[in-house]
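Give me a model of this one.
(2 chains)
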Amino acid sequence: QQKVQQSPESLIVPEGAMTSLNCTFSDSASQYFAWYRQHSGKAPKALMSIFSNGEKEEGRFTIHLNKASLHFSLHIRDSQPSDSALYLCAVSPNSGTYQRFGTGTKLQVVP
Amino acid sequence: DAGVTQTPRHEVAEKGQTIILKCEPVSGHNDLFWYRQTKIQGLELLSYFRSKSLMEDGGAFKDRFKAEMLNSSFSTLKIQPTEPKDSAVYLCASRPGVQNTLYFGAGTRLSVL
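Numbers count the residues shown, from 1 in each chain, chains lettered A, B, ... in the order given. Purely as a prediction, here's the structure:
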């Protein structure tokens, strides 16, 4: 059964810093990889997703995937206090199935 | 467009009670998911429906958890009987079916005493 693990469990960074969040998965046949962000008491909301090896950038956020290493990451440039939230990574084998989630990384950005 | 709506937002139950959580997906979405969220286990799949047909149900949750889609715009999750270990946030999510992005509701926080 697919295992999805995130690190670190929690992180405190100063405003303006680069933040890096990690996600590892166990099923090498996985084809869809995504990050969601959940502010306290709110619904998780999709941030970014990727299908193939490499990088994808959207604004201050970059997702990097290395299937051979069973690893993908989210990088946040110029972190802001509003980025403080729980970050969830998700993996699925293909488009027709459900996504498995990690337990999350709690990020706090301090002014 | 309205997002995913879940009711109630908070529920307190006594051990052994039956509770029903409700979800209205985004209009036009074909896929609907129920997940349970805890700090230790993260998000665990309870049920997955496509066009009202049950596609997956979380094996560990079969005995006391039952999700149904009465129609394409309404789903319920029944927990019977409740146990204190069921205390968690229950999230409902939907997606159009032609893309992978999930749209989540704000969840129902269940406390079982």
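
Tell me which residue in chain A sits closest to chain B.
Per Cβ to the nearest Cβ, A:T103 is where chain A lies closest to chain B, at 3.5 Å. Any C-beta I mention is one placed from the backbone N, CA and C, and that applies to glycine too.

Now do the same contact list for that residue.
Counting by Cβ atoms under 8 Å, 6 or more residues apart in numbering or on different chains, A:T103 makes contact with A:5-6, A:9, B:39-42.

farthest pair in those?
Farthest pair in the contacts of A:T103 (Cβ to Cβ) is A:Q5 and B:K39. Separation: 14.7 Å.

ok but the residue of chain A closest to chain B is inside a helix, no?
No: counting by DSSP: H, G, I helix; E, B strand; the rest coil, A:T103 is not found in a helix; it is coil.

May I have the phi/psi pair for it?
Main-chain dihedrals, A:T103, degrees, to the nearest 10: phi -80, psi -10.

next one: B:D86
phi -80, psi -10.

Report the contact partners of it.
B:64, B:79, B:110, B:112.

would you say B:A60 is within a helix?
Yes: B:A60 sits within a helix when classified using three-state DSSP.

ok, it to B:L45 distance?
Plainly put, B:A60 is 10 Å away from B:L45 if you go by Cβ to Cβ, to the nearest Å.

neighbour-wise, which of those two wins?
B:L45 (20 against 10; other Cβ atoms under 10 Å in any protein chain shown).

How about the more buried one, nearest residue that isn't a chain neighbour?
Leaving aside its chain neighbours, B:L45 sits nearest to B:G58 (4.8 Å; criterion: Cβ to Cβ, 6 or more residues apart in numbering or on different chains).

How about A:Y32: which residues does it bridge to?
Applying DSSP bridges to A:Y32 gives these bridge partners: A:S92.

Number of residues surrounding it?
Neighbours of A:Y32 (other Cβ under 10 Å): 17.

re earlier: can you say which two of the contacts of B:D86 are spatially most distant?
With Cβ to Cβ as the measure, no two of the contacts of B:D86 lie farther apart than B:R64 and B:L110, at 12.7 Å.

what touches both of these two?
The contact sets of B:R64 and B:L110 overlap at B:79, B:82, B:86 (Cβ under 8 Å, 6+ apart).

Any idea how many residues pack against A:E15?
Neighbours around A:E15, by other Cβ under 10 Å: 12.

A:S52 too?
Neighbour count of A:S52, defined by other Cβ under 10 Å: 9.

so it makes contact with A:H64?
No: taking contacts as Cβ atoms under 8 Å, A:S52 lies outside contact range of A:H64: 11.7 Å.

For A:S28, which three-state class applies?
Quick answer, by three-state DSSP: A:S28 is coil.

show me the contacts for A:H39.
So A:H39 contacts A:84-86 (Cβ under 8 Å, 6+ apart).

Those residues in strands, which ones?
Using DSSP state E, the members of these that fall in strands are A:85-86.
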